[in-house]
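Trainee: Structure here, sequence nowhere to be found:
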């Protein structure tokens with residue numbers, strides 16, 4: 001008899017999983033936000049049900065405390081099933097809903113996995129992340145949802161390498177399922193007839209088989225496997241098709257400027273500084289956002305020395321209230337012809353050994369902030385009608401990043417969001433960049449081995465490659481021949497490359 005903890009266990013797939021595991025006489029721990037008194041199903045008893053709202057930061061501590069009160073010291077199977085969604089234009093989603101969705105779908109599983117490591121490690125347990133087939137395709141009307149699930153998969157992939165031989169980590173991708181979520185997020189039967197989807201009971205049964213098989217990742221259902229394959233291998237056909245079916249975004253700025261403007265986050269140093277100088281050299285007025293005022297002043301002086309124009313705004317983009325103070329200052333320089341989401345941080349070490357706060361801070365700056373800023377720029381009409389977006393992801397998208405699992409999550413989520421934006425922004429375009437090791441202070445700070453720093457790409461070379469790709473309206477860029485080979489290897493032989501990353505990075509930490 002296994003001890004199984006299921007989040008989101010009060011409805012849909014979670015409830016169906018609970019009932020089927022109960023029929024097999026396993027010990028259940030069911031987590032949901034509803035008060036216990038509202039449950040009439042005999043599954044839910046004081047010994048099986050833990051009430052916790054996973055959108056709240058103290059939820060994981062509540063669950064851990066409940067486990068201790070129940071004298072449970074081992075979890076054999078943890079199923080991260082709880083999730084929420086949003087349907088609609090990716091720029092109309094309120095910022096607080098962006099945060100809630102990312103918190104429930106991404107932060108919460110990361111928090112709970114971190115908190116429950118002692119319970120999982122006690123008996124070499126198994127962790128299952130319920131993802132979605134949406135991670136393989138552009139989802140312009142579910143953009144943040146798709147990004148949250150892609151980020152979850154990126155986290156799981158790197159964590160799997162870190163915990164190899166100790167705890168099994170799986171990702172399972174069901175497709176659309178007949179549950180109450182569609183109605184909860186505002187979809188009508190006219191928009192999406194969810195009655196045609198397979199039942200939660202059928203999908204739960206397939207998930208249980210996948211869990212028993214312990215494969216690293218599984219897509220449920222033949223149709224979903226075909227869709228996933230098309231999304232991962234035939235994007236040049238699928239993405240234009242999705243774009244033609246998608247209501248398009250627009251921007252109608254109230255004023256036009258003769259000098260093009262480029263907004264760059266994290267523009268004071270490293271890759272951001274190189275980009276600022278390259279775009280200034282091309283005649284763009286640079287607006288940079290950075291928390292390092294001293295470095296910003298240096299970069300502004302360098303731009304002035306080559307005859308360019310630049311203005312830096314000081315602020316930490318990882319906080320809502322800071323963004324609210326930055327926005328009025330951006331109005332003076334809008335509309336923007338190009339927006340480059342470059343700002344980012346990392347947290348390096350084995351996942352369970354790093355305090356949770358700095359890992360969640362990575363998600364805030366690397367993933368939340370670009371989504372907030374993109375939505376705000378559209379909502380204020382601060383973009384030219386054909387503006388370009390550049391999102392700096394990471395080569396970890398192809399290679400994984402054991403030793404920086406949450407960083408990998410943030411960059412995978414960003415790449416997915418950029419792809420969805422491209423499908424909804426035909427008049428402009430979105431470029432996703434997957435840089436490898438770069439000769440910057442950021443790379444030096446987080447790398448376990450700087451002995452081969454001279455072999456890393458100079459930021460100036462990367463900036464030049466990005467500028468050419470953005471001007472050519474490309475949608476993806478892997479800069480550098482060696483990085484391209486790694487990207488290809490990650491696509492064709494992911495397991496082999498993951499083991500290579502384990503030796504090169506994780507074992508040197």
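Mentor: Perfect, I can see it now. What you see is a predicted model, and the numbers here were worked out from it, not measured in a lab.

Trainee: what sits up against the one helix or strand residue 491 maps to?
Mentor: Using DSSP states H and E, residue 491 sits in helix 481-492. Helix 481-492 is contacted from outside by 232, 395, 397-400, 434-436, 457, 478, 496-497, using CB atoms under 8 Å, 6 or more residues apart in numbering. The C-beta positions use only the backbone N, C-alpha and C, and glycine is treated the same way.

Trainee: Show the buried residues in the residues you listed.
Mentor: Using 16 or more other CB atoms under 10 Å as the burial test, the contacts of helix 481-492 include 395, 397-400, 434-436, 457, 478, 497 as buried.

Trainee: And the furthest pair within these?
Mentor: Spanning the widest gap among the buried ones among the contacts of helix 481-492 are 400 and 457, at 19.8 Å by CB to CB.

Trainee: Tell me the buried residues in the helix holding residue 491?
Mentor: Result for helix 481-492 [16+ other CB under 10 Å]: buried residues 483-484, 486-487, 490.

Trainee: related to what we said a few turns ago, out of the contacts of helix 481-492, which sit inside helices?
Mentor: The helices, defined by DSSP state H, take in 232, 397-399, 496-497 from the contacts of helix 481-492.

Trainee: If we only consider those residues, which is nearest to residue 470?
Mentor: The closest of the ones in helices among the contacts of helix 481-492 to residue 470 turns out to be residue 397 (CB to CB; 18.5 Å).

Trainee: Give me the pLDDT for the closest one.
Mentor: If you check residue 397, the pLDDT there is 97.

Trainee: For stretch 63-70, which outside residues touch it?
Mentor: 5, 29, 31, 47, 50, 52, 73, 75, 112, 115-116, 119.

Trainee: if you set the cut-off to 7 Å instead, what comes out?
Mentor: 31, 47, 50, 52, 112, 115-116, 119 (CB atoms under 7 Å, 6 or more residues apart in numbering).

Trainee: mind checking how far the residue nearest in space to the middle of the chain is from residue 55?
Mentor: By CA atoms, centre = their mean, the chain has its centre lying nearest to residue 413, at 2.3 Å. Plainly put, residue 413 is 18 Å away from residue 55 if you go by CB to CB, to the nearest Å.

Trainee: Just the buried positions in the longest strand anywhere in the chain, please.
Mentor: Criterion DSSP state E: the longest strand present in the chain is strand 383-392. Buried residues in strand 383-392, counted by 16+ other CB under 10 Å: 383-384, 387-392.

Trainee: for it, what is the average pLDDT?
Mentor: pLDDT averaged over strand 383-392 gives 97.

Trainee: Also stretch 43-56?
Mentor: So the average pLDDT for stretch 43-56 ends up being 95.

Trainee: List of residues touching it?
Mentor: So stretch 43-56 is contacted by 7, 18-19, 22, 28-36, 39, 59, 62-63, 66, 70, 82, 100, 103-104, 108 (CB under 7 Å, 6+ apart).

Trainee: and the residues you listed, which of them are in strands?
Mentor: Going by DSSP E, the strands hold 7, 28-32 from these.

Trainee: From these, pick the one nearest residue 140.
Mentor: residue 7 (27.7 Å).

Trainee: Please give me every residue in contact with that closest one.
Mentor: By CB under 7 Å, 6+ apart, the residues touching residue 7 are 14, 31, 54, 79-82.

Trainee: Quick check: the gap between it and residue 171.
Mentor: 15 Å.

Trainee: Just the pLDDT at residue 191, thanks.
Mentor: You'll see residue 191 listed with a pLDDT of 62.

Trainee: where do the strands sit along the stretch 251-400 of the chain?
Mentor: Assigned by DSSP state E, counting those that start in this stretch, the strands in the stretch 251-400 of the chain fall at 261-265, 285-290, 310-314, 336-341, 383-392.

Trainee: Any regions of this structure where pLDDT drops low?
Mentor: Counting by pLDDT under 70, the chain contains low-confidence ranges at 180-195.

Trainee: how does it divide into domains?
Mentor: 3-233, 261-443+458-508 (automatic domain parsing).

Trainee: is it true that residue 214 touches residue 168?
Mentor: Yes: if you go by CB atoms under 7 Å, residue 214 and residue 168 touch, sitting 5.5 Å apart.

Trainee: Which one of the two is surrounded by more residues?
Mentor: Each of residue 214 and residue 168 has its neighbours counted (other CB atoms under 10 Å); residue 168 has more, 19 against 12.

Trainee: where does the more buried one sit relative to residue 297, distance-wise?
Mentor: In this view, residue 168 and residue 297 are 51 Å apart by CB to CB.

Trainee: do the same with residue 171
Mentor: 45 Å.

Trainee: Of those two, give the one with the bigger neighbour count.
Mentor: residue 171 (25 against 12).

Trainee: so what does the helix or strand where that one lies touch, helix or strand wise?
Mentor: Assigned by DSSP H and E, residue 171 belongs to strand 168-173. Contacts defined by 3 or more CB pairs under 7 Å, 6 or more residues apart in numbering; DSSP states H and E place strand 168-173 against strand 126-130, helix 143-162, helix 200-213, strand 217-219.

Trainee: Tell me the bridge partners for residue 199.
Mentor: residue 178 (DSSP bridges).

Trainee: how close does it get to residue 177?
Mentor: 7 Å.

Trainee: the more surrounded of the two?
Mentor: Counting neighbours by other CB under 10 Å for residue 199 and for residue 177 shows that residue 177 has the greater number, 22 against 15.

Trainee: Would you enumerate the residues in contact with that one?
Mentor: Residue 177 neighbours (CB under 7 Å, 6+ apart): 13, 197-198, 200, 203.

Trainee: Tell me the one among those nearest to residue 346.
Mentor: Minimum distance to residue 346 across the contacts of residue 177 is 33.1 Å, recorded for residue 13 (CB to CB).
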